[in-house]
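1. Pasted the sequence and its predicted model underneath.
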Amino acid sequence: MAKQKLTDTTLRNTKPEAKDKRLTDGDGLYLLVKSNGAKWWRFDYSFQGKRKTISLGVYPTIGLADARRKADEARTNVANDIDPSDTRKAIKAAQQLVAENEKRLDAGLPIINSFEHVAREWEL
């Protein structure tokens, strides 16, 4: 594992510049400091020969320790041949389905892909 270079003091004291800049922590983890002052945690990785990047959150909401933990989880997933980006997309889709089903139940409609839902769609 690469030497971790960042400290919380460095992150707090970093000021935006005219161009976006990266503060690297090693092994693909870095803080992207945007010219407007926003600070985003990013993690670069390779999956099946393609370079990919995922966002791990916004600093200071996500601190250095949390960003490192999330990057470690993503590295573990990549090592186990699981794409962290695909995992996120699947979780987001499942959350949207749950929210949609709750709305449907509140409106008195059957949940999506239930027998009743499919039967009603078949009638149309």
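-> Cool, got the structure. Residues are numbered from 1 along each chain as shown.
2. So what touches the biggest helix by length in the chain?
-> Counting residues, the longest helix found in the chain (DSSP state H) is helix 84-106. Helix 84-106 is contacted from outside by 43, 45, 47, 52, 54, 73-74, 77-78, 110-112, using C-beta atoms under 8 Å, 6 or more residues apart in numbering. From N, CA and C alone the C-beta is placed, and that goes for glycine too.
3. One more: stretch 69-78?
-> So stretch 69-78 is contacted by 25, 27-29, 41, 43, 45-47, 54, 56-57, 62, 83-84, 87 (C-beta under 8 Å, 6+ apart).
4. picking up where we left off before, can you tell me which of the contacts of helix 84-106 is closest to residue 123?
-> Within the contacts of helix 84-106, the smallest distance to residue 123 is 12.3 Å, found for residue 110 (C-beta to C-beta).
5. List the contacts of that closest one.
-> By C-beta under 8 Å, 6+ apart, the contact list for residue 110 reads 104, 116-117, 120.
6. Then residue 56?
-> Contacts for residue 56 (C-beta under 8 Å, 6+ apart) come out as 29, 41-43, 62, 66-67, 70-71, 74.
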